[in-house]
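Trainee: Okay, predicted coordinates and the sequence, questions at the end:
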Amino acid sequence: MSVSPDGRWVAYSYNEPGLRNIYVSPYPSFAGKRQVSPGEGLAPRWRRDGKELFFIAQDNQSMMAAQLTLGKDSIVVGGVQKLFPGALMIAGAYDVFPDGQKFLLVEPAQCPFRPRSLWCRTGRLPSTSRKATRQPNFSSGI
């Protein structure tokens, strides 16, 4: 669950009917909901200006971005695009920088003796120009 930057909307993953999709509802009424994800999704996060909602596509673990237009009492979902594959990421273990251009991701350990790694992904388009920089390994707290 994630509250919009203006505090008027809540994004969440909800299992209905048998599919876990991403929805946005007005807060605090929760009167009505709008589906954001075209398929199953997890772990929504808002861009700081509220114009985008990021989430993880459950089927292929890709990072997705949905364009949003928030009105006083309405929300319009624009295009949804795949930003980058995220097969190495632990679901929900990520955050978005305020500009929506960089992401911090936690990579799962490949074996029980190797600590997890923190990754910073820079860029928005799925291309070779995106940098993925491995940060120092953390053996505790992540």
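Mentor: Received the coordinates, thanks. Please read all numbers here as calculations on a predicted model, not as lab measurements.
Trainee: longest strand anywhere in this structure?
Mentor: strand 75-85 (DSSP state E).
Trainee: For residue 40, report the pLDDT, please.
Mentor: Per-residue pLDDT puts residue 40 at 88.
Trainee: give the contact list for residue 25.
Mentor: 9-10, 12, 31-34 (Cβ atoms under 8 Å, 6 or more residues apart in numbering). C-betas here are computed from N, CA, C, even on glycine.
Trainee: Go through these and name the one nearest residue 46.
Mentor: Residue 46 has its nearest neighbour among these in residue 9, at 8.3 Å by Cβ to Cβ.
Trainee: Quick check: that closest one vs residue 99, distance?
Mentor: Separation of residue 9 from residue 99 (Cβ to Cβ, to the nearest Å): 20 Å.
Trainee: So for those two, which sits in the more crowded spot?
Mentor: In this view residue 9 and residue 99 are compared by other Cβ atoms under 10 Å, and residue 9 has more residues nearby, 20 against 9.
Trainee: Return the distance of that one relative to residue 57.
Mentor: 21 Å.
Trainee: same thing with residue 26?
Mentor: Distance from residue 26 to residue 57, by Cβ to Cβ: 25 Å.
Trainee: name the element residue 59 belongs to?
Mentor: Residue 59 belongs to no helix or strand when assigned by DSSP states H and E.
Trainee: Does residue 13 touch residue 43 like I think?
Mentor: Yes: if you go by Cβ atoms under 8 Å, residue 13 and residue 43 touch, sitting 7.0 Å apart.
Trainee: shared neighbours of those two, which are they?
Mentor: Shared contacts of residue 13 and residue 43, counting by Cβ under 8 Å, 6+ apart, come down to residue 55.
Trainee: okay, now residue 56: neighbour count?
Mentor: Around residue 56 there are 27 residues (other Cβ under 10 Å).
Trainee: how about the host helix or strand of it: buried residues?
Mentor: Residue 56 is located in strand 52-57, with elements delineated by DSSP H and E. Going by neighbour count (16 or more other Cβ atoms under 10 Å), the buried part of strand 52-57 is 52-57.
Trainee: Lovely, talk soon.
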